[in-house]
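In: A structural model of the following input is requested.
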Amino acid sequence: MLTPCPSTRVTQVGPTQVLTLALLEVVVYAANKRFLLIELIGIADIGGTVVIHCFGAYFGLAAAWVLGVPKDDAGDSDSSSISDIFSLIGTVFLWLYWPSFVTAMPGDSAQETTALLNTVFALLASTVTTFGISAWMERSIRPVDIQNATLAGGVAVGATANFALSPTGALGVGALAGLISALGFIKVQPMLEGKGLHDSCGVHNLHGMPSVLGALITFVFLLINDDCKLNGSCQEEGQAVMQLVALGVTVAVAVLTGALTGAVLKAIGQPERKFVDQSAWSASPPPTGPATAPNSPPKIDAQA
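Out: Okay, the predicted model is just below:
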């Protein structure tokens, strides 16, 4: 749960702020999940699309908005070829293990198999879509798109992973998630940055928008399939509406408590120079003098 949240601003705050954020967020997350989403609303969300991804994303974004856009005159926040390569390795591991994240909670083997297949199909679709959109709109395949948007299918399908989506339905969910996530990195994130919302790792694009999409898909599926046989609270009449209520409550709680947490972090104080570790850790001194151009991230020729 903490992964989507601190990633929005982990590079512009110090260890004390990160620890404070973790302590506050975990408490709010647990209360929202247990008392509101499960006991009061009865959400159907086997893969944590709303419970984990949506809450963590908008909690972190609200805190980042309060903290503001950090100054980076030295170009410390720019990526390098080394960081891009290591991030791609992390993406491969996440892609491979994501089905096991989603299938950890099913109550029987049949639901486990369904959730596993739906997750794999969704990840496959989001991966293919991301490569296509990145190559088409950027004229080259950008590492930042591949590092993140390829996983968007797993985020979006989590709420419906144990539903009888069919392979076509799961592929459709993944393709839509990959599309909006890639467009988020290419178009939405620069626009939000200009409006004062700093999202260093693109959490809104990978966790925020795909989780909202997944919740809306759950609503539509349950609205059409009122007699679907699912475990837990999804057997209750009116579950489709409850999914929308859960989404609205989660976003509201996350934004409100995230903004308050951001104010607390701002009061604690931020490092004088962002995006470097020297203010908190024993490390090599940061470069001084005029800023030097960072290594350009590698690009893959889309025509190759």
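In: Mind jotting down where the strands sit in the stretch 201-304 of the chain?
Out: Applying DSSP state E, counting those that start in this stretch to the stretch 201-304 of the chain gives strands spanning 300-301.
In: Same check on the stretch 51-200 of the chain?
Out: Taking DSSP E, counting those that start in this stretch to define them, one finds strands in the stretch 51-200 of the chain at 140-141.
In: which stretches of it have low pLDDT?
Out: The model of the stretch 51-200 of the chain has pLDDT under 70 over residues 72-79, 106.
In: in it, which spans are helices?
Out: Ranges of helices within the stretch 51-200 of the chain are 55-67, 81-102, 109-138, 143-148, 152-157, 166-183, 189-194, based on DSSP state H, counting those that start in this stretch.
In: So what touches the last one?
Out: Where contact means C-beta atoms under 8 Å, 6 or more residues apart in numbering, the residues beyond helix 189-194 that reach it are 69, 199, 202, 204, 205. The C-beta positions use only the backbone N, C-alpha and C, and glycine is treated the same way.
In: give me every residue that touches the residue nearest the centre of the chain.
Out: Geometric centre of the chain, nearest residue: residue 207, 1.9 Å, by C-alpha atoms, centre = their mean. Each residue near residue 207 by C-beta under 8 Å, 6+ apart is listed here: 4, 53, 54, 56, 57, 155.
In: Any of the contacts of helix 189-194 buried? List them.
Out: Among the contacts of helix 189-194, those buried by neighbour count (16 or more other C-beta atoms under 10 Å) are 69, 199, 202, 204, 205.
In: got a list of what the second one touches?
Out: With contacts defined as C-beta under 8 Å, 6+ apart, residue 199 is in contact with 8, 61, 64, 189, 192, 193, 205.
In: quick one on the thing from earlier: now the helices of the stretch 51-200 of the chain as a markdown table including distance to residue 28 and mean neighbour count?
Out: A markdown table is the format used below for the helices of the stretch 51-200 of the chain (distance: least, C-beta to C-beta, whole Å; neighbours: other C-beta atoms under 10 Å):
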| stretch | distance to residue 28 | mean neighbour count |
| --- | --- | --- |
| helix 55-67 | 7 | 27 |
| helix 81-102 | 22 | 14 |
| helix 109-138 | 27 | 21 |
| helix 143-148 | 25 | 22 |
| helix 152-157 | 20 | 34 |
| helix 166-183 | 25 | 23 |
| helix 189-194 | 23 | 13 |
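In: what would the ones you listed look like in TSV with distance to residue 15?
Out: Converted to TSV, the helices of the stretch 51-200 of the chain look like this (distance: least, C-beta to C-beta, whole Å):
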stretch	distance to residue 15
helix 55-67	15
helix 81-102	20
helix 109-138	33
helix 143-148	25
helix 152-157	28
helix 166-183	30
helix 189-194	25
